[in-house]
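1. have a look at this prediction, sequence included:
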Amino acid sequence: MDSFGSYDARLSRYLDGNEELKRAIGATAQDELRICALGEGEHNINYRLSVKGHEGDAQSYVLRVNVLPQPFHECQVRYEYDALKAVAPSSRTPLPIYMDASPAAPGEGVLVETFCPGKQLDLDRFAQEDMRKCARIMADIHSAPVDADTPIFRPADPLRDLYAECVERIDVYKASEYEDARITRWADLFSKLTLEAIEEAGVPDDEMHIVNTEPLAAHFLLTSELDPPGYFVDWERPIVSEVAQDLAFFLAPTTTFWDSGYLMPASEIDGILKMYWQAVDGRFPAGRFQERFPAWLKCSIFRAIAWCCKALIRYGSADAHKTDKAAAKLPIYLSDEFLENMLDAHFR
């Protein structure tokens, strides 16, 4: 299993004498680079990078080691590097500094980006002002221009593509030794109801923007001020899509529960959406957001269920990359009580 410990020695050797990386962060060839663990996810292990003797300085960086690529692109670190350049005009994201996808890099490649200050969004203790800041951050990011040559994946129908990805995950689970007939019945029901919502939502919106696709609470770093409100980190799989994709994922109870014990109630969603459109402040039209958002919300919930189903396979393997959080959350997400809750709150 990959973890911080398994990469520490490899990274020390990698950093030692890496003059190209030192130049990228403004260090001298004689400087010694230091790392300390920041956090790990399903796809990346993150370290704070600094020059020895300057660990407390504001000018430090985040070094990300990719351990499991995302779909639809061949090079994870290159994709993230290009994505960060594309959303840089928002001033709400890290700036890409260095990228190495060569065989010399640990894991599947290394990305270095600026360190963003702020306190992680805590959904167990959040205030309405925190939601307002998150809405502003997403609105600023979605306002970044999308050029014709922006190297970000552009699905023709993002909602149906996401649904197809979910179905594919469920099919992989069904074909595995880990299939449970009880879980399969739930997955098939959510699949049916989600598809019905997609059919009702109609054609994709013409309004397309760069969206993160995975706005988890842990990815929001909030400042103590309203301007800047904070930053959004972790750009593993952005695409050009409808802004409803980000808002639905952020507000889905399956998302809020991942980083906390909080299940976003349906009664709170409209108020946060209002904050978002106030933050957009006419910078782009709403398009068909109102008609499409309910289907995106259902698909976001179905996505979480499908992800958990497929994850059962990886978490059943002794040597696969895993996190303690996912190991603890998987049985809850796939319990009858939790799935019944999702069905009652958002599908009936």
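-> Okay, I see it.
2. how about the strands in the protein?
-> Secondary structure of the chain (DSSP state E): strands located at 33-40, 44-51, 61-66, 96-100, 110-114, 119-120, 209-211, 220-222, 230-232, 239-241.
3. quick one: closest of those strands to D171.
-> Closest of those to D171 is strand 239-241, at 22.0 Å (criterion: CB to CB). All C-beta atoms are positioned from the backbone trio N, CA, C, and that covers glycine.
4. what comes into contact with that closest one?
-> Contacts to strand 239-241, defined as CB atoms under 8 Å, 6 or more residues apart in numbering, come from residues 72, 146, 150, 152-155, 158, 208-211, 213.
5. list only those of those flagged as buried.
-> By neighbour count, with 16 or more other CB atoms under 10 Å, the contacts of strand 239-241 hold T150, I152, F153, P155, P158, M208, H209, I210, V211, T213 as buried.
6. quick check: bridge partners of the closest residue to the second one other than its chain neighbours?
-> Distance criterion CB to CB, 6 or more residues apart in numbering; nearest residue to I152, sequence neighbours excluded, is V240 at 5.2 Å. Under the criterion DSSP bridges, V240 forms beta bridges with I210.
7. re the thing from before, distance to R303 added to the contacts of strand 239-241, as CSV?
-> Shown next, in CSV, are the contacts of strand 239-241 (distance: CB to CB, whole Å):
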residue, distance to R303
F72, 15
V146, 23
T150, 24
I152, 19
F153, 16
R154, 19
P155, 14
P158, 12
M208, 19
H209, 19
I210, 19
V211, 14
T213, 10
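8. so which residue is dead centre in the chain?
-> E214 (3.0 Å; CA atoms, centre = their mean).
9. that one contacts E236, doesn't it?
-> Yes - E214 is within contact range of E236, at 6.7 Å (criterion: CB atoms under 8 Å).
10. what is the neighbour count of T184?
-> Applying other CB atoms under 10 Å, we find 14 residues neighbouring T184.
11. check contacts around it.
-> The neighbourhood of T184, defined by CB under 8 Å, 6+ apart, consists of I170, Y173, K174.
12. try D206
-> Contacts of D206 (CB under 8 Å, 6+ apart): G287, R288.
13. quick one, phi/psi of it?
-> phi -80, psi -20 (degrees, to the nearest 10).
14. how close does it sit to F289?
-> 11 Å (CB to CB, to the nearest Å).
15. and the strands of the chain: which comes nearest T194?
-> strand 239-241 (16.7 Å).
16. average pLDDT for the closest one, rounded please.
-> Average pLDDT, strand 239-241: 97.
17. got the contact list for stretch 155-163?
-> Here stretch 155-163 has contacts from 194-195, 198, 201, 204, 239-242, 245, 292, 295-296, 299, 302-303, using CB under 8 Å, 6+ apart.
18. for the residues you listed, which one is nearest E165?
-> Nearest to E165 among the contacts of stretch 155-163 is R303, at 7.7 Å by CB to CB.
19. ignoring the adjacent residues along the chain, who's closest to that closest one?
-> C166 (5.2 Å).
20. now swap in T194 and tell me
-> Distances taken as CB to CB, 6+ apart put F302 closest to T194, at 4.3 Å, once the chain neighbours are dropped.
21. check contacts around the one you found.
-> Applying CB under 8 Å, 6+ apart, the residues contacting F302 are Y163, C166, F190, S191, T194.
22. what is the burial count for the fourth one?
-> In other words, S191. 17.
23. same question for the second one.
-> The criterion is other CB under 10 Å. On that basis, C166 has 24 neighbouring residues.
24. quick one: it and D188 touch, right?
-> No - using CB under 8 Å, C166 is not in contact with D188, being 11.8 Å away.
25. which parts of the helix ranked longest in the chain are buried?
-> Counting residues, the longest helix found in the chain (DSSP state H) is helix 289-315. Going by neighbour count (16+ other CB under 10 Å), the buried part of helix 289-315 is 289, 292-293, 295-313, 315.
26. now swap in stretch 281-289 and tell me
-> So, applying 16+ other CB under 10 Å, buried residues of stretch 281-289: G287, R288, F289.
27. just stretch 225-234 next, same as before
-> Buried residues in stretch 225-234, counted by 16+ other CB under 10 Å: P228, P229, G230, Y231, F232, V233, D234.
28. so what's the last one up against?
-> Neighbouring residues of D234 by CB under 8 Å, 6+ apart: G41, N44, N212, E214, L216, A218, H219.
29. how near is the last one to C116?
-> From H219 across to C116, the span is 10 Å (CB to CB).
30. so for those two, which residue has more residues nearby?
-> Each of H219 and C116 has its neighbours counted (other CB under 10 Å); H219 has more, 21 against 17.
31. now do the helices in the stretch 101-250 of the chain.
-> 128-142, 158-174, 181-201, 243-251 (DSSP state H, counting those that start in this stretch).
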